[in-house]
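S.K.: How does the following fold in three dimensions:
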Amino acid sequence: MTYILGLNAYHGDSSACLLHKGQLVAAAEEERFRRIKHWAGFPTEAIRYCLQEAGIRLSQVADIAINRDPKAHRLRKIAFTLRHRADPAYVLGRLRNARKWAGVGEELSRAFPGETIGAVHHIEHHRAHLASAFFVSPYREALAVSVDGSGDFTTTSWGMGSGTSLSVADRIFFPIRWASFMKA
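M.R.: The predicted model follows:
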């Protein structure tokens, strides 16, 4: 099994993509099927589409990559929350969201009953952006840059892709401290 299913779930523009031996087979945003702009739930129909395009079943997918790692930068998240006395409702909402991400395997089991679920991997948000750009590119070596609103408490990340490896050189954490950034 050399299929990898990539998921953006529980976040705006939920989507799925399927790779086979490093080649993009199919990709789709869930909003195309549900007709709800920027849909932010689980991309069940996008997954179905990708599997159908490849002519395979979910049990033939070896690895499932999720573009969020709730454990990434955990100490920074906690320190920020304590320093800024975040609204308890906001914190509870973020914790509920993290539970959804942790339960992606169960969600797949409900959506695809009787199917064997491959290994689920939580990938730090910006590393997922970097990988999605580099690994399907025609380049054997390239600089990769990700600039995003915020994901896993990071707003920007950059690194180097070479062959089948990707290294993150540095990142800018949330919240952006422009004064210190501009001095660098």
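
S.K.: any idea which element S146 lies in?
M.R.: According to DSSP states H and E, S146 maps onto strand 141-151.

S.K.: and that strand, what does it pack onto?
M.R.: For strand 141-151, the elements it packs on are helix 125-134, strand 154-162, judged by 3 or more Cβ pairs under 8 Å, 6 or more residues apart in numbering; DSSP states H and E. For the C-beta atoms, the positions are set from N, CA and C on the backbone; glycine is no exception.

S.K.: possible to save those as CSV with mean neighbour count?
M.R.: Output for these, formatted as CSV (neighbours: other Cβ atoms under 10 Å):
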stretch, mean neighbour count
helix 125-134, 22
strand 154-162, 19
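
S.K.: Look up how far S132 lies from the residue lying closest to A142 once chain neighbours are set aside.
M.R.: Nearest-residue entry for A142: G161, 5.1 Å, with adjacent residues in sequence omitted and distances by Cβ to Cβ, 6 or more residues apart in numbering. Applying Cβ to Cβ, to the nearest Å, the value for G161 to S132 is 11 Å.

S.K.: before we move on, what about V145?
M.R.: 13 Å.

S.K.: Contacts only, for the closest residue in space to G149 that isn't next to it in sequence.
M.R.: Leaving aside its sequence neighbours, G149 sits nearest to T155 (Cβ to Cβ, 6+ apart; 6.9 Å). By Cβ atoms under 8 Å, 6 or more residues apart in numbering, the contact set of T155 is 147-149, 172-174, 176.
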